[in-house]
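**Q** What would the 3D arrangement of this be:
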Amino acid sequence: MTRCAWCGGAIGKNSGRGRPKRYCRPSHRQRAYESRRLATTRGLEFDDVLISRSSLEAHRDQLYLLEAAYEDVLTDSVDATAPQMLKTVRSLRRSVEAAVACDLEIRATGA
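**A** Numbering: from 1, shown residues only. Just a heads-up that it's a prediction; the model follows:
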């Protein structure tokens, strides 16, 4: 499956002719173009990423919680009872869902 170079969403199959699609919609192709132009004017490389401190800290917090939940599962899986293990797995599930929901959206920003 091919993924959009802007949002990572799925791209439908090509009609068979021409270049393969890189973007799922024209607006994403335009955002990517704007982003490349802006990066060039600011001296950034193509793959450099700018992120707000609050978004980075939220993402780090979610990853820490996910890591702790995973370690709990590893520890409890050795000699846990079924109810205890179920509780631990539910905690891991909540941590995974929170980490997945942590939104790091791609966007072009103007000066």
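**Q** doesn't Q30 fall inside a strand?
**A** No. Assignment of Q30 by DSSP: H, G, I helix; E, B strand; the rest coil gives helix, placing it outside any strand.
**Q** Distance check, it against G18.
**A** According to CB to CB, to the nearest Å, Q30 and G18 sit 19 Å apart. Yep, even glycine has a C-beta here, placed from its N, CA and C like the rest.
**Q** With neighbour numbers in mind, choose between these two.
**A** Q30 (13 against 7; other CB atoms under 10 Å).
**Q** Tell me where this structure has strands.
**A** Ranges of strands in the chain, per DSSP state E, are 2-3, 10-11.
**Q** Make CSV from those strands and add mean pLDDT, distance to R22 and mean neighbour count to it.
**A** Output for the strands of the chain, formatted as CSV (pLDDT from 0 to 100; distance: least, CB to CB, whole Å; neighbours: other CB atoms under 10 Å):
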stretch, mean pLDDT, distance to R22, mean neighbour count
strand 2-3, 87, 8, 13
strand 10-11, 88, 8, 14
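**Q** Dump the ones you listed to TSV, plus distance to D61.
**A** Shown next, in TSV, are these (distance: least, CB to CB, whole Å):
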stretch	distance to D61
strand 2-3	27
strand 10-11	29
